[in-house]
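*Asks:* Below is the sequence, then the predicted model.
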Amino acid sequence: MADPTKDKTWEYDLNNLVIADGATVDGAFLSTRQRLFGIKEILINNGSTTFTAPWTVVSSSDSSTSGASDLWVDEFDLVWADDDTSNARSWIVLRQTGISTTFEVCIVCQEDSTSNDGKQIEVWVAQAGFTGGSTTARPTATDERQLRDSTADGYWGSGQVNTAYTSQTHVWMSSDGDCTRIVICIGDVVTGYWAFETPKNPTTGWTDPYFACIEGEANVTTSQVTYSRFLDNATMRGRYSGANTTMYLSSEGMVNDGIGEATGNGTQQQNQLDNSYIASQCGLSSTTSTFVGRHGEVFDMWWGLSFVGTGRYYPETGTKAFVQIGDFVFPWDGSTLIRTR
């Protein structure tokens, strides 16, 4: 493909390995707790990278205490509870001022059953900021938007229920704090994809724009970054004029497909004239009532050829400035992508 031009300065914390551990701690896999705790640590600059615009902890609970501090000191402070009970549970509120002054994410260790294996969470985002909260109740916000619901789709990338796997977590953050992306891989499968971002070239009138998602499945076979999940379905979440919105990640296309799904003579292939690969800009389009239309683009993320799959680097000169993971092409730092399970 012709080398894309990056709009942002990207900072990376990549190839964070969590070794499979089937040991349980109060019912939750140790490796599952380590994986979620590790994401929080990376976001607040306790990982291997010092981000220019890290997230900060506003408040939290370790299930025995709650307050305006970071009580997630280690993975053992993450305690899950059944959605149908009033049992104590852990939660945390993280803030990223690069998106807006009080843009926050509330993550709750909550599941839909008594199995307490840590594979589900509940997640909300808000621009007005979260308030309140106790050991048995999460904080709330006036403009909160739910991303994960433990009674329906609370899987976040932990992998298959009742099975422990070695995983890799990759985190991208733009130096201005506008964009944060998290990819969780088990082998070549993207089991979790998180995004909290401001759009490129947002439509005039979309005040305080953002889009976000947390995607996951209860298996290690279904990738989360595919044409099916994001082009064919309105998976991205946002808000406009006090109402919830959903958005598709649009692509250059033809007939009934994105161009990276079916190119040339109806089959996926490289360009037959110069052997280049597809890199189609991800757009943001919505069919939500009162929000219909194309409303911007995703900074520095492209649709690739779906048959290529995870682990191909670009450009051909070998600098590894970009990598394909699933059907997306991301900026990369030149390192080698670890792909073990």
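*Replies:* Arrived safely.

*Asks:* after the helix or strand bottoming out on mean pLDDT in the chain, next one along is what?
*Replies:* Here the helix or strand of the chain ranked lowest by mean pLDDT, DSSP states H and E is strand 253-254, holding a mean of 66. Sequence order places strand 257-258 as the next helix or strand after strand 253-254, per DSSP states H and E.

*Asks:* Show me the helices in this structure, by range?
*Replies:* With DSSP state H as the definition, the chain shows helices at residue ranges 30-43, 227-230.

*Asks:* Against which helices or strands is the longest one packed?
*Replies:* In other words, helix 30-43. In this structure, helix 30-43 packs against strand 10-18, strand 90-95, strand 167-174, strand 179-186, with contacts taken as 3 or more Cβ pairs under 8 Å, 6 or more residues apart in numbering; DSSP states H and E. To be clear about C-beta, it is placed using only N, CA and C from the backbone, and glycine gets the same treatment.

*Asks:* Measure how far it is from the centre of its chain, please.
*Replies:* When distances are taken as Cα atoms, centre = their mean, to the nearest Å, helix 30-43 is centred 14 Å away from the chain's centroid.

*Asks:* can you give me the angle it makes with strand 90-95?
*Replies:* 20 degrees (axes from the mean of the first three to the mean of the last three Cα atoms, to 10 degrees).

*Asks:* pLDDT on helix 30-43, on average?
*Replies:* Per-residue pLDDT over helix 30-43 has a mean of 95.

*Asks:* how deep is residue 300 tucked in, by neighbour count?
*Replies:* Burial measure for residue 300: 23 neighbouring residues, criterion other Cβ atoms under 10 Å.

*Asks:* for the chain, what are the low-confidence residue spans?
*Replies:* Applying pLDDT under 70 to the chain picks out residues 1-2, 84, 114, 161, 253-256, 259-260, 262-277.

*Asks:* Can you tell me the centre-most residue of it?
*Replies:* The geometric centre of the chain, computed from its C-alpha atoms, lies nearest to residue 194 (Cα atoms, centre = their mean), at 0.5 Å.

*Asks:* Surely that residue and residue 236 touch.
*Replies:* No. Distance between residue 194 and residue 236: 11.8 Å, which falls outside the contact criterion (Cβ atoms under 8 Å).

*Asks:* that older thread, quick one: closest of the helices and strands packed on helix 30-43 to residue 133.
*Replies:* The minimum distance between residue 133 and the helices and strands packed on helix 30-43 falls on strand 90-95, with 6.7 Å, by Cβ to Cβ.

*Asks:* got the angle for that closest one vs strand 179-186?
*Replies:* Regarding strand 90-95 and strand 179-186, their directions subtend 140 degrees when assessed with the same axes, to 10 degrees.

*Asks:* Okay, now the sheet partners of strand 90-95, with direction.
*Replies:* Taking DSSP bridges as the criterion, strand 90-95 pairs within the sheet with strand 56-62 (antiparallel), strand 104-108 (antiparallel).

*Asks:* could I have that strand exported to PDB, CA atoms only?
*Replies:* What follows is the C-alpha trace of strand 90-95 in PDB, where atoms were taken according to Å, rounded to 0.1, in the frame of the first residue of the first chain:
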ATOM      1  CA  SER A  90     -14.500  -3.200  42.700                       C
ATOM      2  CA  TRP A  91     -14.700  -0.200  40.300                       C
ATOM      3  CA  ILE A  92     -12.600   2.600  39.100                       C
ATOM      4  CA  VAL A  93     -13.100   6.000  37.400                       C
ATOM      5  CA  LEU A  94     -10.400   7.200  34.900                       C
ATOM      6  CA  ARG A  95     -10.200  10.700  33.400                       C
END
